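> Sharing a sequence plus its predicted fold:
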Amino acid sequence: MAESPAISGRWSRLGILAGGGDLPRLIAEAEAERSPLVVELTGFVDREFPEFETAQFSVGQIGAICKALKAGGCDAVCFAGYIQRPDIKTLKLDARGMIMVPKALAAGRKGDDALLRVVVGEFETQGFKVVGANEVLESLTPDAAAGFNSQSVPEHQHDVVKACAVAREIGRLDIGQGAVVADGLVLAVEAQEGTNQMLERVAGLRAEVRGTPQARRGVLAKMPKPIQERRIDLPTMGVETIERASAAGLAGIALQEGAALIVNRDAVEAALREHDMFLAIVEPADE
């Protein structure tokens, strides 16, 4: 399944604030005709961009980042890739970053979403349009047709429903996005450690309460938070997610239609096929 081209006409040049994983490269490649500027966030970015113009900054150098983006003619920015909440006490800050610290600290006490809104607001104040990865590359966002091995879903439907409900509830509390349920038992919920480490915890549970690669049970659900700043932090799934879910013995993964990112979809489908796992695309919850 080929990726669709980037959506054009809504910005002149895109600045990509690149964290870890494959997503920043996909966004850069989608924007290649308009030569995006890739801002590599030190300590997080783990891919190389030899064919693109790049700049390197700490996440605390907000003023320097904005200055570089403006000098490069960027009128829009896209946050892409994994970025863990930094320790502000050890963060390299410039003058603009230091001005943001009190506001960021206050927002951070309310949860990740409040903190992300402060970051988005700062770039908007500086005159940039903040766009989501799904706005740059529509094919990243799953629709109902993105489901895979759907014939396997009915026997696991109870776990799909409960895992989605639990993930949405912890999202409502701004705790995390993911939950794992097997035979109705909640095995794990995601907090600050992230999806990968949550799945490692599940893989370490005794086999009686979880599935195995030979007898798969359980579902990972990744749901958006109700108040989520979706331009930055949509639930994301790639091949690594599937590999870790497979190692934990899970039968499948559930995402919400139009509210997630699937990175490298062809490779994702191949990994699901290899491990005999399903991907369920569920409708949004009733408000």
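Right, received. Where do you want to start?
> going forward, measure contacts and count neighbours with C-alpha atoms only.
Will do.
> Do I have it right that residue 150 meets residue 278?
Yes: in this structure residue 150 lies within contact range of residue 278 using CA atoms under 8 Å: 6.2 Å.
> what about these two, which has more around it?
Using other CA atoms under 10 Å as the criterion, residue 150 and residue 278 rank with residue 278 on top: 24 against 14.
> Report the beta-bridge partner residues of the more buried one.
Beta-bridge pairing of residue 278 under DSSP bridges involves residue 252.
> So what's the residue count around the closest residue to residue 74 other than its chain neighbours?
Nearest residue to residue 74 in three dimensions, chain neighbours excluded: residue 13, at 4.6 Å (CA to CA, 6 or more residues apart in numbering). Residues lying near residue 13 (other CA under 10 Å) number 19.
> repeat for residue 221
The burial count for residue 221: 31, using other CA under 10 Å.
> What residues does it make contact with?
By CA atoms under 8 Å, 6 or more residues apart in numbering, residue 221 lies in contact with 160, 163-164, 167, 178-180, 253-255.
> Paired strands for the helix or strand hosting residue 130, with orientation please.
In the assignment (DSSP states H and E), residue 130 maps to strand 129-131. Strand pairing for strand 129-131, using DSSP bridges, gives strand 76-80 (parallel).
> Pull the distance from the partner strand to the chain's centre.
For strand 76-80, the separation from the chain centroid amounts to 13 Å (computed by CA atoms, centre = their mean, to the nearest Å).
> Average pLDDT for that strand, rounded please.
Per-region confidence: strand 76-80 scores 93 on mean pLDDT.
> Looking at the contacts of residue 221, which are in strands?
178-180, 253-255 (DSSP state E).
> out of those, who has the most neighbours?
residue 255 (32 neighbours).
> what's the pLDDT at residue 101?
So, for residue 101, pLDDT stands at 62.
> Dead centre of this structure: give me the residue that sits there.
The residue lying closest to the centre of the chain (CA atoms, centre = their mean) is residue 236, at 3.6 Å.
> And that one, how far from residue 265?
Using CA to CA, to the nearest Å, residue 236 is found at 12 Å from residue 265.
> what does residue 208 give?
32 Å.
> Same question for residue 49.
Counting by CA to CA, the gap from residue 49 to residue 265 is 21 Å.
> Quick one: residues contacting residue 198.
By CA under 8 Å, 6+ apart, the contact set of residue 198 is 188-190.
> C-terminal to the helix or strand harbouring it, what's the next element?
With elements taken from DSSP H and E, the one containing residue 198 is helix 195-203. Sequence order places strand 219-222 as the next helix or strand after helix 195-203, per DSSP H and E.
> partners of that next one in the sheet?
Going by DSSP bridges, the partners of strand 219-222 are strand 178-182 (antiparallel), strand 252-256 (parallel).
> quick one, which of the ones you listed is nearest to residue 195?
strand 178-182 (6.6 Å; CA to CA).
> what sits up against that closest one?
Under CA under 8 Å, 6+ apart, the answer for strand 178-182 is 159-160, 162-164, 166-167, 186-190, 195, 209-211, 217-223.
> So residue 251 sits against residue 242, correct?
No: at 10.2 Å, residue 251 does not count as touching residue 242 under the criterion of CA under 8 Å.
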